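Asks: any chance you could fold what I've pasted below:
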Amino acid sequence: MYVASLGLPAINLPDNQNHYGFAILLYGWFGMFKGEFAWIANLLLLPGLVALFTRQNLAACLVAVACIALGLLALRTTEVPASLGSVSRVSGFAIGYYVWMSSFVALLIGGLKAGLASRARLH
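Replies: Model (predicted):
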């Protein structure tokens, strides 16, 4: 899901323009200079997947919750960089944003499911 989100429009701009997930992945970290920290969720996904695949289910769940919380901060974004140092107003969020967020939800579900399965094996 995460990889698919990179090829999809994620942010709607005026005049039917969009920012795609791949562009946001490359340039979104600039938002941290303006106090927008949603992009950090991208950095946390890999450690979350490692935790899941190494059966550290609680860690995977905690990372997933952090990713979801950070990802929701993107909804506060009102402007994104445009060409030549200008900015464009955000008019909404597109399917790529929701697919991106669903990858974090999938990590949480995976961690919960793996945790429940390991508890069931113990009993």
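
Asks: would you mark the buried spots in the helix or strand bottoming out on mean pLDDT in the chain?
Replies: Sorting the helices and strands of the chain by mean pLDDT, DSSP states H and E puts strand 79-81 at the bottom, at a mean of 87. The neighbour-count check on strand 79-81 (16 or more other C-beta atoms under 10 Å) flags 80-81 as buried. The C-beta positions use only the backbone N, C-alpha and C, and glycine is treated the same way.

Asks: pLDDT below threshold where in the chain?
Replies: Scanning the chain with the threshold set as pLDDT under 70 gives 123.

Asks: tell me where it has strands.
Replies: Ranges of strands in the chain, per DSSP state E, are 9-13, 17-20, 79-81, 87-89, 92-93.

Asks: for these, which one ends up most surrounded?
Replies: Among those, strand 9-13 has the highest mean neighbour count (mean count of other C-beta atoms under 10 Å), at a mean of 20.

Asks: show residues contacting that strand.
Replies: With contact meaning C-beta atoms under 8 Å, 6 or more residues apart in numbering, strand 9-13 is reached by 18-21, 24, 77, 80, 82, 88-97, 100.

Asks: please repeat the previous calculation with a cut-off of 7 Å.
Replies: Outside strand 9-13, the residues that touch it by C-beta atoms under 7 Å, 6 or more residues apart in numbering are 18-21, 24, 80, 88, 90-97, 100.

Asks: pick out whichever of those residues sits closest to Ala64.
Replies: Trp100 (13.1 Å; C-beta to C-beta).

Asks: the closest one: what's its closest spatial neighbour, skipping adjacent residues?
Replies: Among residues not flanking Trp100 along the chain, Ser5 sits closest, at 3.9 Å (C-beta to C-beta, 6 or more residues apart in numbering).

Asks: wait, doesn't that neighbour sit right on Met101?
Replies: No - Ser5 is beyond contact range of Met101, at 8.5 Å (criterion: C-beta atoms under 7 Å).

Asks: which parts of the longest helix anywhere in the chain are buried?
Replies: The longest helix of the chain (DSSP state H) is helix 95-122. For helix 95-122, the neighbour count (16+ other C-beta under 10 Å) marks 96-97, 99-104, 107-108, 110-111, 114-115 as buried.
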